[in-house]
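Engineer: A structural model of the following input is requested.
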Amino acid sequence: MDIKNFDQTVAKRMRSWGIPAVRISFAIIFFWFGILKPFGLSAATDLLKATVAWLPFGDPDTWLVLIGWWEVVIGVTFLFKQTTRIAIALLFLQMVGTFMPLVFLPEVTFQNGNYLLPTLEGQYIIKNVMIISAALVLGGTFYRSKSRNPLKNVERTK
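Structural biologist: As a prediction, this is how the structure comes out:
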């Protein structure tokens, strides 16, 4: 087998396993991290409570439980292809809240007020950009072009 055939074989496997792998990864992450919150076992408990403390309704403990179960639902809905659209919608709503500490708690998310130096908590939040990107890729698979060749209408350069 030459390198081109090998590369094509690997790419084909990656195409067939990539989307299910993203869905399953999302399911694991959201279910696991979510289920810890209602039981007060999450490493993010203090950060989450500090973030929602300013909300005019509900207390931080209630929000902790609500957000935890919300994440569990996101995880479960990613398990099934039929509910993936729901999972993505719930994920995007959840992500709005996830980025709030960067705005409301910069003393916790950045070192010495320097926005180029995130703390561990800040890094934990910023990595969600990758989760959003993966959700966009996953959502983009729902309606595929009838063309088998994605480069069919793209001008090729030599």
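Engineer: Just give me how far stretch 107-124 sits from the chain centre.
Structural biologist: Using Cα atoms, centre = their mean, to the nearest Å, we find the averaged C-alpha position of stretch 107-124 to lie 20 Å away from the chain's own average C-alpha position.
Engineer: ditto for stretch 22-29
Structural biologist: Counting by Cα atoms, centre = their mean, stretch 22-29 is centred 9 Å from the centre of its parent chain.
Engineer: how about the helices in the chain?
Structural biologist: Chain-ordered helices for the chain, with DSSP state H as the definition, fall at 3-36, 45-52, 60-78, 84-98, 100-104, 106-109, 120-126, 128-139.
Engineer: quick one: low-confidence parts of the chain?
Structural biologist: Residues of the chain that meet the criterion pLDDT under 70 lie in 144-158.
Engineer: Which residues are in contact with the residue nearest the centre of the chain?
Structural biologist: If you average the C-alpha coordinates of the chain and look for the closest C-alpha using Cα atoms, centre = their mean, you land on residue 131, 3.0 Å from that point. In this structure, residue 131 makes contact with 26, 29, 91, 95, judged by Cβ atoms under 8 Å, 6 or more residues apart in numbering. All C-beta atoms are positioned from the backbone trio N, CA, C, and that covers glycine.
Engineer: same deal with residue 9?
Structural biologist: Residue 9 makes contacts with residue 1, as judged by Cβ under 8 Å, 6+ apart.
Engineer: Could you check how far it is from residue 33?
Structural biologist: Plainly put, residue 9 is 35 Å away from residue 33 if you go by Cβ to Cβ, to the nearest Å.
Engineer: repeat for residue 26
Structural biologist: Counting by Cβ to Cβ, the gap between residue 26 and residue 33 amounts to 11 Å.
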